[in-house]
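1. This is the structure alone, sequence omitted:
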C-alpha cells in the first residue's frame with residue numbers, strides 16, 4: 001500500500017484524489033462517527049438521540065439513491081463542499097441544544113435531516129473515487145488508504161471527546177460546547193478541502209490511461225439507470241449484506257458502549273474502536289490485492305474470515321449480555337464500568353468492543369470491493385454505491401428505531417446476529433462466481449474505438465463476465481488496457 005501512495009503523486013492521479021476525498025471524510029463523517037460512537041452525549045435524551053439518528057439515516061437513504069445521479073450531473077467539487085458543511089451544521093446544532101433553555105429538538109432534527117441529505121451525496125461521490133479510480137489489483141489498497149484516513153477522523157474526534165470529558169476525580173457527564181466547537185471547525189475545514197477535487201474525466205493513471213467514463217449524462221438518463229438498479233441481479237444478491245452493514249452500529253454504540261461504560265470511558269473506547277478499523281483496513285488490503293491469488297480466491301477467503309470473526313464477536317456479545325449487566329456493580333457516574341476503576345471484567349468488555357471495530361471494517365471494505373468487481377466506470381460506480389448506501393441507511397433507520405422504542409439489548413443482538421448469517425450464503429455465492437476482470441482502463445487515444453454501449457453492456461453483465469468474452473479476444477490479463 002505504501003508504494004502506491006508514494007508513486008507519482010500527481011494532482012490528477014487517482015492516489016492524490018483519493019487522499020483528498022479521504023481527508024474530506026476524515027473531517028466530516030469521521031468526526032460525526034466519533035460523536036455517534038460516544039452514545040448519548042449527556043444532555044441529549046435517549047429518545048432525541050435515537051430520533052436524530054433515525055432522521056439522518058432516513059434522509060441519507062433517499063439521497064443516497066439520488067446521490068449517484070447528482071454527482072454524475074453536477075460533478076464532485078461543489079456538491080461535496082456543501083455536503084461537508086451539512087455535517088458541520090449538525091455538530092453545531094448540539095451547541096444550540098446544550099445552551100437552549102428548553103432543550104428544543106427542532107433544530108437538532110432539521111440539521112440531522114440536512115446532514116443525511118449531504119451524506120447521501122457525499123458517499124456516492126466517495127465511492128466513485130475509491131472504487132473506480134484504481135486498477136483492479138490496487139483496489140483493496142485504495143479502499144484501505146481511504147478507510148485508514150477516514151477512521152483516523154473518528155479516532156481524533158474520540159481523543160478530543162475523551163480529553164475534554166475526563167477528570168481524575170469527579171465526573172463530567174456531558175459533552176461540552178468547547179468539544180463541539182473544535183469538532184465543527186474540523187468539519188468546515190474538511191468541506192473546504194472538497195473544492196480541490198477534479199472531474200473523473202481528467203483522472204489519468206500512472207501508465208497514461210484515462211479512467212473510463214461513459215458519455216455525459218442527463219437527469220433522464222440518471223433516473224432511468226437508478227430505476228434499473230433494482231433489477232440488477234448482483235446488487236440484489238448483496239442487498240442483505242448492504243442492509244446489515246450499518247445495522248449493528250446501533251447495538252454497538254447504544255445498548256453496548258452507551259449502557260456499559262461511563263461518558264469518558266466511552267470516548268476512550270472509541271479511540272481504539274476506530275483505530276481497530278484502520279488496522280483492519282491495512283490487513284484486508286493485503287488479502288484483497290494478493291497478485292498471486294485469483295479474484296475468486298480473494299473473495300472467498302475474505303468472506304470466510306468475516307463468517308468466523310462475526311460469529312465469534314456475537315458469541316462474545318452474548319456472554320456480555322449474560323455477565324456484564326450486573327445491577328449490583330454500577331458506580332454513581334452511570335454505566336457499569338469506569339476506566340478509573342480497577343475491574344478485570346471491564347478489560348475483556350473493552351476488547352470485545354475493539355473487535356467490533358475490526359469486524360465492521362472488514363464487512364464494509366468487502367462490500368465496496370464487491371462493487372468494484374462489477375464495474376470500473378465512475379458513473380456506473382456512483383450509481384452502484386448509491387444503491388449500497390440507500391439499502392445500508394434503511395437498515396440503520398430500522399436499527400435506531402428499535403432502540404428508540406426500547407427493544408431489549410438482547411433482542412437487538414439476536415437480530416444483528418441473524419442478519420449477518422442471512423447475508424453470508426449470498427456473499428459466498430457472489431464470491432464464488434467472481435472471475436477475473438479483463439477490462440480496467442482505456443488509453444485516451446483509443447477511447448473512440450469502443451462504444452459506450454459496449455462498455456455499458458459489459459458493466460451490466462456482472463462479476464461473472466469478462467470483456468474479452470464480449471468484445472476483445474486479444475486482451476490477456478486484468479492489467480492490460482484495451483488494444484486497437
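-> All right, it came through fine. Just so we're clear, the structure is a prediction, and the values are computed from it rather than from any experiment.
2. Residue 144 touches residue 362, doesn't it?
-> No - if you go by Cβ atoms under 8 Å, residue 144 and residue 362 don't touch, sitting 11.0 Å apart. C-beta here means a position set from N, CA and C on the backbone, and glycine is covered the same way.
3. Please identify every residue contacting each of these two.
-> Residues touching both residue 144 and residue 362 by Cβ atoms under 8 Å, 6 or more residues apart in numbering: residue 284.
4. Can you give me the neighbour number for the closest residue to residue 84 other than its chain neighbours?
-> Spatial nearest neighbour of residue 84, chain neighbours left out: residue 191 (2.7 Å); criterion: Cβ to Cβ, 6 or more residues apart in numbering. Using other Cβ atoms under 10 Å, residue 191 is surrounded by 22 other residues.
5. And for residue 196?
-> For residue 196, the count of nearby residues is 15 (other Cβ under 10 Å).
6. can you check residue 50 too?
-> Other residues lying near residue 50 total 22 when counted by other Cβ under 10 Å.
7. Ok, residue 315 next?
-> Residue 315: 12 neighbours (other Cβ under 10 Å).
8. Give me the phi and psi angles of it.
-> The phi/psi pair for residue 315 (degrees, to the nearest 10) reads phi -60, psi -40.
9. sorry, back to before: pull up the per-residue confidence for the residue nearest to residue 84.
-> We have a pLDDT of 96 for residue 191.
10. now residue 359: how far from residue 105?
-> Note on residue 359: its distance to residue 105, by Cβ to Cβ, to the nearest Å, is 33 Å.
11. For the host helix or strand of residue 309, name the packing helices and strands.
-> Using DSSP states H and E, residue 309 maps to helix 295-323. Contact partners of helix 295-323 among helices and strands, from 3 or more Cβ pairs under 8 Å, 6 or more residues apart in numbering; DSSP states H and E: helix 263-288, helix 344-372, helix 409-433.
12. Now with 10 Å, please.
-> Helix 295-323 is packed against helix 239-244, helix 247-251, helix 263-288, helix 344-372, helix 409-433, with contacts defined by 3 or more Cβ pairs under 10 Å, 6 or more residues apart in numbering; DSSP states H and E.
13. can you tell me the average pLDDT over it?
-> On average, helix 295-323 scores 93.
14. thinking again about what came up before, with neighbour numbers in mind, choose between residue 359 and residue 105.
-> The neighbour count for residue 359 versus residue 105, taken as other Cβ under 10 Å, is higher for residue 359 (23 against 20).
15. That one against residue 249, yeah?
-> No - taking Cβ atoms under 10 Å as the definition, residue 359 is not a contact partner of residue 249, at 11.7 Å.
16. re the thing from before, check which residues of the helix holding residue 309 are buried.
-> Residues of helix 295-323 classed as buried: 295-296, 298-300, 302-303, 305-307, 309-310, 313-314, 316-317, 320-321 (neighbour count, 16 or more other Cβ atoms under 10 Å).
17. Counting neighbours, what do you get for the nearest residue to residue 419 once chain neighbours are set aside?
-> Distance criterion Cβ to Cβ, 6+ apart; nearest residue to residue 419, sequence neighbours excluded, is residue 244 at 4.3 Å. Taking other Cβ under 10 Å as the neighbour definition, residue 244 ends up with a count of 25.
18. roughly how far apart are residue 244 and residue 384?
-> The spacing between residue 244 and residue 384, counted by Cβ to Cβ, is 17 Å.
19. per-residue confidence for the residue most central in space within the chain?
-> Geometric centre of the chain, nearest residue: residue 364, 6.1 Å, by Cα atoms, centre = their mean. Confidence at residue 364, expressed as pLDDT, is 93.
20. re earlier: so which of the helices and strands packed on helix 295-323 is the most packed in?
-> Each of the helices and strands packed on helix 295-323 was assessed for mean neighbour count using mean count of other Cβ atoms under 10 Å. The highest is helix 247-251, with a mean of 25.
21. can you list the residues that contact that one?
-> Helix 247-251 is contacted by residues 33, 36-37, 50, 53-54, 57, 256-257, 310, 313-314, 317, 356, 359-360, 363, 392, 394-404, 407, 409, 411-417, 419-420 when judged by Cβ atoms under 10 Å, 6 or more residues apart in numbering.
22. Centre of the chain to the helix or strand following that helix, how far?
-> Moving toward the C-terminus from helix 247-251, the next helix or strand (DSSP H and E) is helix 259-260. Here helix 259-260 is found 25 Å from its chain centre; the criterion is Cα atoms, centre = their mean, to the nearest Å.
23. what residue ranges in the stretch 251-400 of the chain are flagged as low confidence?
-> 326-334, 342 (pLDDT under 70).
24. hmm, try it at 80
-> Counting by pLDDT under 80, the stretch 251-400 of the chain contains low-confidence residues at 291, 324-336, 340-345, 376.
25. how deep is residue 207 tucked in, by neighbour count?
-> The number of residues packed near residue 207 is 10, by other Cβ under 10 Å.
26. Which secondary structure state is assigned to it?
-> coil (DSSP: H, G, I helix; E, B strand; the rest coil).
27. can you pull the pLDDT of it?
-> Residue 207 is assigned a pLDDT of 70 by the prediction.
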